[in-house]
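Colleague: requesting a structural model of the entry that follows:
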Amino acid sequence: MLIYFVRHGQTDDNLNGIIQGHKDTPLNDQGRRESARLAQRLQDVPFVEAWSSTLSRARETAEIAVAPHDGLMLRTDAGLMERGLGSLEGRRRLRGEPLPRDVEPSEEFRARIVSWLKSFLARHAAHSPTTKIGSDGDGDGGDSGLSCFPDSRPILIVSHGAYLTALLPLLLNPSKAWNITPGPRVDLGAHCLNTSIMRVRLRPPDGPGKWSGVVESWGDVEHLAGLDEEDLDIADDVR
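Modeller: From the prediction side, this is the model:
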């Protein structure tokens, strides 16, 4: 299984450093341009599933990305929503301001991500036995030595900056229900920019055990080359 995790395109709140969380904000014109570049980048990837957060900025990004793929149905999942940031939403956080009590606790946020991923993988583990294949679609994964379902091709998942930033170390934590390592050329220090791609190749366990896999890319924004793109902080990544 090859998953393309993508952050949504830019919004006005991103541009202005406004915390969004569960606030439902649309893409701005730059975000739509970014999403169009993303769609062009991924147009030849043979996706068989597409998922997005229920929030409109992620959903619109995904809708633009799947437009070239005839017959590909986009499904939404509340489990992919950004961290709930309570009374911080819709404004900037003041310097030195403590986290309000209505912010989704970081432990609960991470637990929600892990719960979603375990459920997602469990549903896909119910497929038929695996067959070794090489790289699918875009990228230079090559023959990683991993296996995928014989009827499985790439899956697109569009979510949010703080969500994906939290997901990356969870994926690389071998104490969870998977054993995933970073690829040799992956820059784990890269920023999770708008419409950036994290590509993860996974193999289900043969019976009881852990999923295994490789993070093949992180923070990949090759498709934005030539756009006037700012390296904006993720305002929702509050600590």
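
Colleague: kindly list the longest strand within this protein.
Modeller: Of all segments of type strand in the chain, defined using DSSP state E, the longest is strand 211-220.

Colleague: hang on, Arg83 packs against Ala162?
Modeller: Yes: Arg83 is within contact range of Ala162, at 5.1 Å (criterion: C-beta atoms under 8 Å). All C-beta atoms are positioned from the backbone trio N, CA, C, and that covers glycine.

Colleague: looking at the two, which is more packed in?
Modeller: Arg83 (27 against 23; other C-beta atoms under 10 Å).

Colleague: what's that one in contact with, if anything?
Modeller: If a contact means C-beta atoms under 8 Å, 6 or more residues apart in numbering, then Arg83 has 21, 103-104, 109, 160, 162-163, 166, 236, 238 as its contacts.

Colleague: and of those, the nearest to Glu222?
Modeller: Minimum distance to Glu222 across those is 20.8 Å, recorded for His160 (C-beta to C-beta).

Colleague: partner strands of the longest strand of the chain, parallel or antiparallel?
Modeller: strand 178-182 (parallel), strand 197-203 (antiparallel) (DSSP bridges).

Colleague: out of those strands, deepest packed?
Modeller: Across the strands paired with strand 211-220, averaging neighbours per residue (mean count of other C-beta atoms under 10 Å) puts strand 197-203 on top, at a mean of 24.

Colleague: for that one, list the C-alpha coordinates in CSV.
Modeller: Taking Å, rounded to 0.1, in the frame of the first residue of the first chain, the C-alpha atoms of strand 197-203 are listed here in CSV:
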residue,chain,number,x,y,z
ILE,A,197,3.5,15.5,0.2
MET,A,198,4.5,12.7,2.6
ARG,A,199,4.7,9.4,0.8
VAL,A,200,4.6,6.2,2.9
ARG,A,201,4.9,2.7,1.5
LEU,A,202,3.4,0.0,3.8
ARG,A,203,3.3,-3.8,3.9
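
Colleague: what's the distance between Ala225 and Gln40?
Modeller: Going from Ala225 to Gln40 by C-beta to C-beta, to the nearest Å gives 12 Å.

Colleague: higher neighbour count, the two?
Modeller: Set Ala225 next to Gln40 and count neighbours by other C-beta under 10 Å: Gln40 wins out with 12 against 8.

Colleague: find the nearest non-adjacent residue to the more buried one, please.
Modeller: Among residues not flanking Gln40 along the chain, His223 sits closest, at 6.7 Å (C-beta to C-beta, 6 or more residues apart in numbering).

Colleague: please state the backbone phi and psi of the one you found?
Modeller: Torsion angles at His223 (phi, psi; degrees, to the nearest 10) stand at phi -70, psi -10.

Colleague: which residues sit in contact with Val48?
Modeller: Val48 neighbours (C-beta under 8 Å, 6+ apart): 72, 152-155.

Colleague: what's the answer for Ala65, then?
Modeller: 6, 35, 38-39, 42, 50, 156, 158.

Colleague: again, only using 6 Å
Modeller: By C-beta atoms under 6 Å, 6 or more residues apart in numbering, the contact set of Ala65 is 38-39, 42.

Colleague: for the contacts of Arg83, which one is nearest Arg199?
Modeller: Tyr163 (16.3 Å).

Colleague: separation between the closest residue to that closest one other than its chain neighbours and Glu107?
Modeller: Ranked by C-beta to C-beta, 6+ apart and with sequence neighbours excluded, the top spatial neighbour of Tyr163 is Glu82, at 5.6 Å. Using C-beta to C-beta, Glu82 is found at 16 Å from Glu107.
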